[in-house]
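> Coordinates only, no sequence provided:
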């Protein structure tokens, strides 16, 4: 009887949580508890739980790899440190959505907000301090788009790129980075937000607490920028060198809104995610 009550309670908690998450203009919800299609424990597709958006899944990508299938992350079910939720383990691997235009609007005026439950491992450092867990950068000419990643020491950063200049970090490609270094093998909630507008907007980076940005920078919007396909586990659809700018670690959840959430929404959503996944805040 107690066991049955426990199952019912868990189901109710999950349902309540699902109803609480703000879904207004949510365009991507990648949840390791749902929609993970595997071959054994290797991921073939990670399905978007926002069924109303044109992007349906993020899939394995063999082009550019000498060993077919080597770019697939590993699926792990029921992680105790995540209150029994699942996660995907990346080791310089990626999942790609092949829609070229679905995310173009994020960097040219709509603004965006993303939340990710992550655990960082030891970064490979193949390209110093560029170990990306997501991005939709264009392959040419100036790599415009949005992205987020870890430095080699597991401090972390986010940025938008506007196609005006090529520099990795400059006023058109601001380096919004943390002073905090995440502890290897501990789970965190990392968040990023870009304001709405076609002039200069703010980029804000957060760790666990959505009520207080830990780093910020102005960003000059270029409405002519044209970003590309969205990648999870990598900065872009980098068929020229897959894995070189990818991160080592895990991702249990990735939420993406095509708007800038309000301060109140940021704080509330972060609090819900931290509670749901049992993120330890110290």
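Great, that's in hand. Because the structure is predicted, anything quoted here is derived from the model rather than measured.
> helices and strands of the protein: which one bottoms out on pLDDT?
helix 2-20 (a mean of 46; mean pLDDT, DSSP states H and E).
> what residues are up against residue 214?
Shown in contact with residue 214 (C-beta atoms under 8 Å, 6 or more residues apart in numbering): 178-180, 205-207. Every residue, glycine included, has its C-beta placed from N, CA and C.
> what's the answer for residue 196, then?
109-111, 259-260.
> Can you flag which of the residues you listed belong to helices?
Using DSSP state H, no member of the contacts of residue 196 sits in helices.
> Now render the residues you listed as a markdown table, adding distance to residue 101.
A markdown table is the format used below for the contacts of residue 196 (distance: C-beta to C-beta, whole Å):
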| residue | distance to residue 101 |
| --- | --- |
| 109 | 15 |
| 110 | 13 |
| 111 | 18 |
| 259 | 18 |
| 260 | 21 |
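> before we move on, back to that, tell me which helix or strand comes right after the least confident helix or strand of the chain.
Using DSSP states H and E, the helix or strand that follows helix 2-20 towards the C-terminus is strand 26-31.
> ranges for the strands of the stretch 101-250 of the chain?
With DSSP state E, counting those that start in this stretch as the criterion, the stretch 101-250 of the chain has strands at 112-120, 131-135, 145-150, 155-161, 176-181, 187-194, 200-207, 215-220, 231-232, 248-257.
> for the fifth one, what is the average pLDDT?
Same thing as strand 176-181. Here strand 176-181 scores 97 as its mean pLDDT.
> do stretch 199-212 as well
pLDDT averaged over stretch 199-212 gives 98.
> Okay, now the unreliable bits of this structure?
1-19 (pLDDT under 70).
> please redo it, this time with the cut-off set to 80
1-20, 282 (pLDDT under 80).
> show me what contacts the nearest residue to residue 29 once chain neighbours are set aside?
Counting by C-beta to C-beta, 6 or more residues apart in numbering, residue 29 lies nearest to residue 49, which is 4.1 Å off, once chain neighbours are set aside. When contacts are counted by C-beta under 8 Å, 6+ apart, residue 49 touches 29-31, 34-35.
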